[in-house]
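Asker: Just the structure for this:
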Amino acid sequence: GTPPEPTVEFYEPLSYLDQPTYSLVLAVVEEKVKAVFAYDPTLREGVNQVALQKLEDAQLRERLRSYEVMNKTLREQLSQKASELSTLRSELDSVTFSLSQELSAQHTELASLRTARDVAGAEGQVGGVNLVLEQRDRTIVELQRRLRE
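Answerer: The predicted model follows:
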């Protein structure tokens, strides 16, 4: 007989690289191939079309993998921001409720002080009550300003 056909084994060095290095090498090769074909487009016709297609497929797979990683990262960030927003809204509701309660208490106290002033005015002791009323008015204005913020 005839001698057996020699077995041809192809060495794929990129399969031994970690993911970040693989991505980098693929990006560098892609740019170099683009540059060569941009310099002389007729060279595309002379290359091994199967090997070129494998390279282009690998580039597409890598690009897809990169987009999937980016998509996952962005979704995680969006979820985190949504959670933070929910927490901030709850805190805002709590602060708004507290300020509303404080404002209501201040209005009640102000009404009581005005009544006391009217009674004191009738008795001739208006000065001290007016001072307390002015302080309460300032407090209410400040609470209303904080509620608007």
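Asker: alpha carbons only for contacts and neighbour counts from here, please
Answerer: Fine.
Asker: since we're on Glu149, how many residues are nearby?
Answerer: 7 (other Cα atoms under 10 Å).
Asker: any idea how far it is from Lys81?
Answerer: Per Cα to Cα, to the nearest Å, Glu149 is found 22 Å from Lys81.
Asker: what does Arg75 give?
Answerer: 10 Å.
Asker: again, but for Glu5
Answerer: For Glu5, the distance to Lys81 - Cα to Cα - is 63 Å.
Asker: Following element in sequence after the longest helix belonging to the chain, please.
Answerer: For the chain, the helix reaching the highest residue count under DSSP state H is reported as helix 49-123. The first helix or strand that comes after helix 49-123 along the chain, using DSSP states H and E, is helix 126-148.
Asker: any weak-confidence spans in the chain?
Answerer: Applying pLDDT under 70 to the chain flags the ranges 1, 6-10, 120-129.
Asker: hmm, 90 instead?
Answerer: For the chain, applying pLDDT under 90 flags the ranges 1-20, 22-23, 26-27, 29-30, 33-34, 37-56, 58, 102-103, 106-107, 109-149.
Asker: How about whichever strand or helix holds Tyr22, which residues are buried there?
Answerer: Secondary structure assignment for Tyr22, by DSSP H and E: helix 19-39. Using 16 or more other Cα atoms under 10 Å as the test for burial, helix 19-39 gives Tyr22, Ser23, Leu26.
Asker: between the residues you listed, which is nearest Ala116?
Answerer: Distance to Ala116 across the buried residues of helix 19-39 (Cα to Cα) is lowest for Ser23, with 80.0 Å.
Asker: Excluding chain neighbours, what is closest to that closest one?
Answerer: Of all residues beyond its chain neighbours, the one nearest Ser23 is Glu62 (6.8 Å), with distances taken as Cα to Cα, 6 or more residues apart in numbering.
Asker: Can you get me a residue count around that neighbour?
Answerer: There are 17 residues near Glu62, going by other Cα under 10 Å.
Asker: Please report the distance of Asp118 from Ala111.
Answerer: Taking Cα to Cα, one finds Asp118 at 11 Å from Ala111.
Asker: Between the two, which is the more surrounded one?
Answerer: Comparing Asp118 with Ala111 by other Cα under 10 Å, the one with more neighbours is Asp118, at 16 against 13.
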